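Engineer: I'd like to go over a predicted model; first the sequence, then the structure.
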Amino acid sequence: MRKLIVFVAVLALAAFLADSQPATADRGVSRFATLPAGQPGHPEGIAADAAGNIYAASFDFSGNNNIYVFGSNGGLKDTIALNGHVPLGMQFGPDGKLYVADFGNGAVLQLAPPGHAITRSYPVCTGAGTTCGLNAITFDSAGLLYVSDSFGGNVYTVNTTTAAVGLYVHHELLTPGSHGFPGFGANGLAFKGTDLYVANTADDRILKVSAAKAVTTFVESINGADGIAWDSAGRLWVCANQENVLYVLNGAGRVLDIIGGFEGVRDGAPEGLLFPASVVQSRGNIYVTNTALDFRHFFADESPITRFTLSRVRLNPSLGDD
């Protein structure tokens with residue numbers, strides 16, 4: 001009888017501990033897709049269309065880049081060549097077109113998949129790749145496009161109908177400063193209501209920009225804060241590219257969970273996360289690009305990265321952020 005009482009008590013304690021765990025996602029990180037062999041790699045930007053297809057762009061400063069289109073099963077459906085461009089952030093607009101931040105040319109590109117042509121280009125800033133580094137893209141509720149400038153400490157707006165470009169905000173907190181690594185300031189962008197959240201990679205912070213343009217620190221000490229996205233349960237997912245993990249935060253900036261990790265190289269591909277750079281939610285999952293930049297792959301006697309991957313984490317949107 002005593003053993004039974006002890007057993008029941010253990011079960012009750014386990015149930016209590018389970019209920020007290022952060023209400024986030026399944027902790028498993030699985031490989032979703034592998035980029036084709038022998039093609040440009042280091043996927044950085046990611047986007048999802050209304051049909052559930054996932055778009056991932058390679059990131060090579062040479063300008064030899066592609067956007068890869070994967071079906072919901074992870075199979076490659078299409079490859080869009082972007083020769084002469086260096087794509088970073090991507091997002092589909094309310095018009096159903098794909099918008100891409102061209103880091104190498106200081107412009108935002110418009111495409112209309114399944115077509116491969118660039119249908120429109122919006123020049124945003126000069127000094128591309130030196131004093132200006134266009135990075136992430138998001139849209140507000142009115143359909144206005146916002147793009148971050150990682151080197152200038154700026155966030156610009158682009159009216160995709162009139163092509164008008166404006167400076168939304170410039171602030172010292174959005175610059176990379178002289179002490180951080182990697183040397184990218186304003187990076188990932190995501191709206192929650194009228195507040196714009198901005199990752200500063202060099203300073204390891206997520207900043208909040210109010211509708212009145214007040215810039216404050218939302219959360220700090222996320223090593224290499226990169227791509228960000230609010231999920232349907234009101235939680236903020238943050239790529240920590242220097243830790244190889246995803247942070248999950250509630251609406252007050254408290255850490256609910258830390259998911260992932262780098263688990264080595266198998267057959268030339270990273271296991272787990274390696275320099276996670278961008279995230280997007282689609283149909284109950286979070287998708288992540290593993291940029292796998294060389295300066296993050298420093299393990300002794302580790303085989304080189306020759307195959308590049310996207311990861312997937314399952315969501316449970318019914319859970320809140322308390």
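Structural biologist: Noted; the coordinates are in hand. Numbers count the residues shown, from 1 in each chain.

Engineer: spatially nearest residue to Ser121 (excluding sequence neighbours)?
Structural biologist: Leaving aside its sequence neighbours, Ser121 sits nearest to Ala107 (C-beta to C-beta, 6 or more residues apart in numbering; 5.1 Å). The C-beta positions use only the backbone N, C-alpha and C, and glycine is treated the same way.

Engineer: thought the one you found was touching Ile137?
Structural biologist: No - between Ala107 and Ile137 there is no contact under C-beta atoms under 8 Å: 11.9 Å.

Engineer: strands of the stretch 201-322 of the chain, start to end?
Structural biologist: 205-209, 215-220, 225-230, 236-240, 245-249, 255-260, 262-266, 269-272, 276-282, 285-290, 309-314 (DSSP state E, counting those that start in this stretch).

Engineer: just the helices in the protein please.
Structural biologist: 2-20 (DSSP state H).

Engineer: for this structure, name the helix or strand with the lowest mean pLDDT.
Structural biologist: helix 2-20 (a mean of 39; mean pLDDT, DSSP states H and E).

Engineer: contacting residues for the residue nearest to the spatial centre of the chain?
Structural biologist: Geometric centre of the chain, nearest residue: Ser278, 1.8 Å, by C-alpha atoms, centre = their mean. Going by C-beta atoms under 8 Å, 6 or more residues apart in numbering, Ser278 touches Glu44, Gly45, Ile46, Gly89, Ala136, Gly188, Asp226, Gly227, Cys239, Val288, Thr289.

Engineer: spatially, what comes nearest to the last one if we skip its sequence neighbours?
Structural biologist: To tie it back to what came earlier, the one meant is Thr289. Pro43 (4.2 Å).

Engineer: next, count neighbours for the one you found.
Structural biologist: Residues contacting Pro43 under the criterion other C-beta atoms under 10 Å number 27.

Engineer: identify the bridge partners of it.
Structural biologist: With DSSP bridges as the criterion, Pro43 is bridged to Ser58.

Engineer: neighbours of the nearest residue to Asp267 once chain neighbours are set aside, how many?
Structural biologist: In space, and not counting its chain neighbours, Asp267 is closest to Arg307: 7.0 Å by C-beta to C-beta, 6+ apart. By other C-beta under 10 Å, 17 other residues sit near Arg307.

Engineer: which pLDDT value goes with Arg307?
Structural biologist: pLDDT recorded at Arg307 is 95.

Engineer: isn't it right up against Thr34?
Structural biologist: Yes - here Arg307 reaches Thr34: they are 5.7 Å apart, a contact under C-beta under 8 Å.

Engineer: mutual contacts of these two, please.
Structural biologist: With C-beta under 8 Å, 6+ apart, Arg307 and Thr34 have common neighbours Ala269.
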